[in-house]
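> Could you work out the structure for the sequence below:
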Amino acid sequence: MSSKGKVLVAMSGGLDSSVVAMMLHEQGYEVIGITMKTWDYATAGGNKKTTGCCSLDDINDARQMAVTLGFPHYILDIRNEFGDYIIDNFVEEYIAGRTPNPCVLCNTHIKWEALLKRADKLGCEFIATGHYAQVRKENGRYIVSKGLDEAKDQSYVLWGLSQESLARTIFPLGKYRKSEIRDMALKSGFEEIAKKSESYEICFVPDNDYRSFLKRRVDGLEEKVKGGKFVTTDGEVLGEHEGYPFYTVGQRKGLNVAVGHPLFVTKIEPETNTVVLGTKEELNRHEMKVRDVNLIKYNELPNDMEALTKIRYKHAGAMSRLNMQGDKVKVEFYENVSAIAPGQSAVFYEGNDLIGGGFIER
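Numbering: from 1, shown residues only. As a prediction, this is how the structure comes out:
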C-alpha cells in the first residue's frame, strides 16, 4: 500500500492525462488508470472516424502506458449515461434557441460521478484528471483556481463541480505549462504520446458540424424549421433562413443576407422561428442573468461583489458586479460585452480563483 494513497486516473490516451498517470506513479501514488468510452460516432449516422476520447487508438495508448509503468487499467463504458443526458440536453438546448455547453455538463454530471463511483469500488481515495487547473482547501472549502498556463487554463469548464467532488480531486498539471508537460513525456521515452495533437471538437461531433448532427438526431427537423424569417431589431424582414436551431448569437458567416454592411445574429426566437440580425453594436449588452448557479469559493455570494466574468471558454473576461436575485445571479458589466449567448456558461473569478458559475439565461 502506497503512503501517498490510491488514485484513479482518468486516461483519455492523450498527452495530458498520460503524463498525469506518469507523474503520480513517480510520486509514489498507487495508480489505477481508467478510460471512459462515452460515444461512438457511427451511432449518430455519421461516417467520420471516431476521434478523441472515444477512439480505439487512444484507448490502446492509455492501456500501453499502464502496461509500461506497471499499473492496472480499466475501460468504463458510459455511452448510455452520456447519451441520455449530454446528447439529449445538447439537442434540447438548440431546439430551445440556446447554445449548449456539453463539456461543462459532462464534467459535472457524468465524468466525475462515474469516476467517483468506480473509485469507491476500487478503494481509491482520490481521482485525477489532466485538466489545467488547481485546487486547494481554504477556510473549510475546496477552491478551484486557474492553471499556471493561462493559454491552457481549463477552470472555466469546472464551475459545476461540488465540494464533495473537489475534496477527492487532484489536478497535477495545474502548476505546469503545456510545453513542460510535452517535455516530460519526451524525457520519459514516450515520444509518440508527446507528439499527439489536441482535439478541440466536441467528442460526439468530431466533424465539428453540429447542424448535420441535429438533423440526424431529430427526425424531420429541417422540414419543421425551414422558412423562418431573418428580421432586423426593428422587425423589418430581410429574408428567409434555414431554421433557427442552425444559428447562434454572434454568428456572422453563412447568413446570406446582403444589406451593405456586416450583420450578426443578435437574438433567436424559437417560438416564431425568427432570427434577429443586427449590427456589431447591437450585439452589445451590459447585463445578464445567470441560472443554475454553483458557488465554489464561497458558501454564499457576497452582496455587490466585483468579479471578472467570462461568457465563453475563450473569452478574456470582463469586470462586473454580481448580486443574487432569488436563485439567480444578476451580472452588471462595467463596459458593454458582445455576443452574450443564452445557454453558454458564465463563470466568475476573483483574481485567479473560481467563484462559481452558471448558465446564461435568455
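> per-residue confidence for Gly50?
One thing to correct before we go on: residue 50 is Thr, not Gly. Listed pLDDT for Thr50 reads 45.
> now the helices for the stretch 151-300 of the chain?
Assigned by DSSP state H, counting those that start in this stretch, the stretch 151-300 of the chain shows helices spanning 163-166, 178-187, 191-194, 210-217, 221-225.
> ok, of these, where does mean pLDDT dip lowest?
The stretch with the lowest mean pLDDT among the helices of the stretch 151-300 of the chain is helix 191-194, at a mean of 90.
> Flag the shaky bits of this structure, pLDDT-wise.
1-3, 40-54, 199-201, 362 (pLDDT under 70).
> Now do the strands in the stretch 151-300 of the chain.
With strands called from DSSP state E, counting those that start in this stretch, the stretch 151-300 of the chain shows them at 169-170, 229-232, 237-240, 264-269, 274-278, 284-295.
> Between the helices of the stretch 151-300 of the chain, which one is closest to Lys297.
Closest of those to Lys297 is helix 163-166, at 10.7 Å (criterion: C-beta to C-beta). Bear in mind the C-beta positions are built from the backbone N, C-alpha and C, glycine included.
> CA-only coordinates of that closest one in CSV, if you can.
Provided in CSV are the C-alpha atoms of helix 163-166 (Å, rounded to 0.1, in the frame of the first residue of the first chain):
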residue,chain,number,x,y,z
GLN,A,163,-17.4,20.4,-2.8
GLU,A,164,-17.6,16.6,-2.3
SER,A,165,-16.1,16.0,-5.8
LEU,A,166,-13.3,18.6,-5.3
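> Of all the residues in it, which ones are buried?
Judged by neighbour count (16 or more other C-beta atoms under 10 Å), helix 163-166 contains these buried residues: 165-166.
> Check stretch 275-283 too.
Quick answer for stretch 275-283 (16+ other C-beta under 10 Å): 275-278, 282-283.
> Run through the residues that contact Gly243.
Shown in contact with Gly243 (C-beta atoms under 8 Å, 6 or more residues apart in numbering): 221-222, 224-226, 228, 273.
> Narrow these to those that are buried.
Looks like the contacts of Gly243 have 221, 225, 228, 273 buried, using 16+ other C-beta under 10 Å.
> Make JSON lines out of the buried residues of stretch 275-283 and add distance to Phe190.
Listed next are the buried residues of stretch 275-283 as JSON lines, based on distance: C-beta to C-beta, whole Å:
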{"residue": "Val275", "distance to Phe190": "48"}
{"residue": "Val276", "distance to Phe190": "51"}
{"residue": "Leu277", "distance to Phe190": "50"}
{"residue": "Gly278", "distance to Phe190": "51"}
{"residue": "Glu282", "distance to Phe190": "51"}
{"residue": "Leu283", "distance to Phe190": "45"}
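> From those residues, pick the one nearest Thr266.
Among the buried residues of stretch 275-283, Gly278 lies closest to Thr266 (C-beta to C-beta), at 4.0 Å.
> how about Ala62, secondary structure?
For Ala62, the assignment made with DSSP: H, G, I helix; E, B strand; the rest coil gives helix.
> Looks like it contacts Lys37 (just checking).
No. Between Ala62 and Lys37 there is no contact under C-beta atoms under 8 Å: 11.0 Å.
> Could you report the neighbour count for the residue nearest to Lys289 when sequence neighbours are not counted?
Sequence neighbours aside, Glu361 is the residue nearest to Lys289 in space, at 4.6 Å (criterion: C-beta to C-beta, 6 or more residues apart in numbering). Residues contacting Glu361 under the criterion other C-beta atoms under 10 Å number 15.
> Can you verify my assumption that Glu361 contacts Val290?
Yes. When contacts are counted by C-beta under 8 Å, Glu361 is listed as touching Val290 (6.5 Å).
> Common neighbours of these two, please.
Joint contacts of Glu361 and Val290 (C-beta under 8 Å, 6+ apart) are Lys328.
> So which of Ala62 and Lys37 has more stuff around it?
Shown here are Ala62 and Lys37; by other C-beta under 10 Å, Ala62 has more neighbours (27 against 17).
> The more buried one and Ser17, how far apart?
Here Ala62 is placed at a distance of 7 Å from Ser17 (C-beta to C-beta, to the nearest Å).
> Residues that sit against both of those two, list them.
Met11.
> check contacts around Asn294.
By C-beta under 8 Å, 6+ apart, the contact set of Asn294 is 108, 159-162, 356-358.
> Number of residues surrounding Asp234?
Per other C-beta under 10 Å, the neighbour tally for Asp234 reads 7.
> Could I have the CA atoms of stretch 340-349 written out in PDB?
Taking Å, rounded to 0.1, in the frame of the first residue of the first chain, the C-alpha atoms of stretch 340-349 are listed here in PDB:
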ATOM      1  CA  ILE A 340     -23.800  37.100 -24.800                       C
ATOM      2  CA  ALA A 341     -25.300  33.700 -25.900                       C
ATOM      3  CA  PRO A 342     -28.100  32.100 -23.800                       C
ATOM      4  CA  GLY A 343     -27.100  28.600 -22.700                       C
ATOM      5  CA  GLN A 344     -23.400  29.200 -22.500                       C
ATOM      6  CA  SER A 345     -21.600  29.200 -19.200                       C
ATOM      7  CA  ALA A 346     -21.000  32.400 -17.300                       C
ATOM      8  CA  VAL A 347     -18.000  31.900 -14.900                       C
ATOM      9  CA  PHE A 348     -16.900  34.300 -12.200                       C
ATOM     10  CA  TYR A 349     -13.400  34.900 -11.000                       C
END
